[in-house]
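Chemist: This is a predicted model, with the sequence first.
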Amino acid sequence: MNSLPQPPSRHLWHCTQTINAHDSWIRSIAIDSQARYVISGSGDRSVKLWHFNNGQLHQTLEGHDSWVRALAISPDDGFIVSGGNDSSVCLWQLESGKQVAMLKGHTDSIRAVVFSPDGQWIYTGSQDKTVRRWAVATGTLQNTVITHQHWIRALAISPDGQTLVAGTQDREITICDPATGQVRRRQTHHTGEVVCLAISPDGELLVSGGADRQIIFWRLRDGKLMGALNAHSDSVNSVSFSADGKLLATASRDRTIRIWNMTTRKLLDVLVGHESGVWSAIFATDSRTLISGDWSGQIRRWTLNSLNR
């Protein structure tokens, strides 16, 4: 494998806050669209809400009997959905922290959750090899969208809500209709399992990250391979676009976060400071703040000083 790209010598991003947030690893991080709360899901079976501005704990949500592996916030910031190792999916009101539904139907660990852009549906991907669609209003199962031969590891949905993407343990990416599950394409290029997915804000580009340490760029509308990068020295656990689509953050088991310019595909910075593998790293809506969570249960806040994009 080729050597990793090297960033400029001057760091543009700096860690401005560290929170010892959980007693176990943090697998998923989410930020509401108004940047009021950071939400973290952990191996300690809890979901925690932190005030975005000062990092103080706002509330702890308890309802899972095992690890919390996946989180998402509804587009209107009304709900949080969490998926656990106990095969359950919990739906919470964001403001009150009240659990409003427990979505049961999966028979193995939940590895990915995502809301539809209109907020009406929740999609859940599981180690039971299925992707299921749930109605937010009633908390009921609508249909099984995908049945696969291997675990579902990652999900992403296009901004227009017309395309659902699933990444699997067998290195495959499945592109389908989110309502019917009709498969449009199956594409492979990774040499290890597909761990994470993200779609650009304009809906044009799909990025996948894998256990093979690569990030791969695909044109979403037809699946054309647009490029690949040897991004990290260990598994890529998280890929996230900035809200303006100009930046991509990748997080890895190698304990680093890398920031990429999406116009040039050049590496801009390597964020170093986590002492264990980083499972999740996402941008706030200002595209100048990044929140990350790691295997030790630590959350870090990173801030952009200046950047010529």
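Modeler: Arrived safely. Everything numeric here is computed off the predicted structure, so don't read it as measured data.
Chemist: Quick one: low-confidence residue ranges for this structure.
Modeler: Residue ranges of the chain with pLDDT under 70: 1-2, 306-309.
Chemist: mind redoing it with 50?
Modeler: For the chain, the stretches with pLDDT under 50 are 1, 307-309.
Chemist: which residue is nearest the middle of it?
Modeler: residue 238 (5.9 Å; C-alpha atoms, centre = their mean).
Chemist: can you pull the contacts of that one?
Modeler: 196, 209, 249-251, 278-282 (C-beta atoms under 8 Å, 6 or more residues apart in numbering). C-beta: built from backbone N, CA, C; applies to glycine.
Chemist: mind running it again at 7 Å?
Modeler: By C-beta atoms under 7 Å, 6 or more residues apart in numbering, the contact set of residue 238 is 196, 209, 250-251, 279-281.
Chemist: Residue 197 and residue 167 touch, don't they?
Modeler: Yes - counting by C-beta atoms under 7 Å, residue 197 does reach residue 167; the two are 5.1 Å apart.
Chemist: Show me whatever sits in contact with both of those two.
Modeler: Shared contacts of residue 197 and residue 167 (C-beta under 7 Å, 6+ apart): 154, 208.
Chemist: So for those two, which sits in the more crowded spot?
Modeler: Taking other C-beta atoms under 10 Å, residue 197 and residue 167 do not tie; residue 167 has more neighbours (28 against 23).
Chemist: Can you give the strand pairings for the helix or strand in which that one is found, parallel or anti for each?
Modeler: Assessed by DSSP states H and E, residue 167 sits inside strand 164-168. If you go by DSSP bridges, strand 164-168 pairs up with strand 152-157 (antiparallel), strand 172-176 (antiparallel).
Chemist: quick one: contacts of the first one?
Modeler: Surrounding strand 152-157, the residues in contact under the criterion C-beta under 7 Å, 6+ apart are 111-112, 114, 116-117, 123, 125-126, 129, 131, 163-169, 178, 193-199.
Chemist: and what of the last one?
Modeler: Strand 172-176 is contacted from outside by 145-146, 163-168, 182-188, 194, 208, 223, using C-beta under 7 Å, 6+ apart.
Chemist: For the residues you listed, which ChimeraX command selects only the ones that are buried?
Modeler: This is the ChimeraX syntax for the buried subset of those, where burial follows 16 or more other C-beta atoms under 10 Å:
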select :145,146,163,164,165,166,167,168,187,194,208
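Chemist: Leaving out chain neighbours, which residue sits closest to residue 11?
Modeler: residue 269 (5.9 Å; C-beta to C-beta, 6 or more residues apart in numbering).
Chemist: burial count for the one you found?
Modeler: The local packing of residue 269 (other C-beta under 10 Å) involves 22 other residues.
Chemist: quick one: secondary structure of it?
Modeler: strand (DSSP: H, G, I helix; E, B strand; the rest coil).
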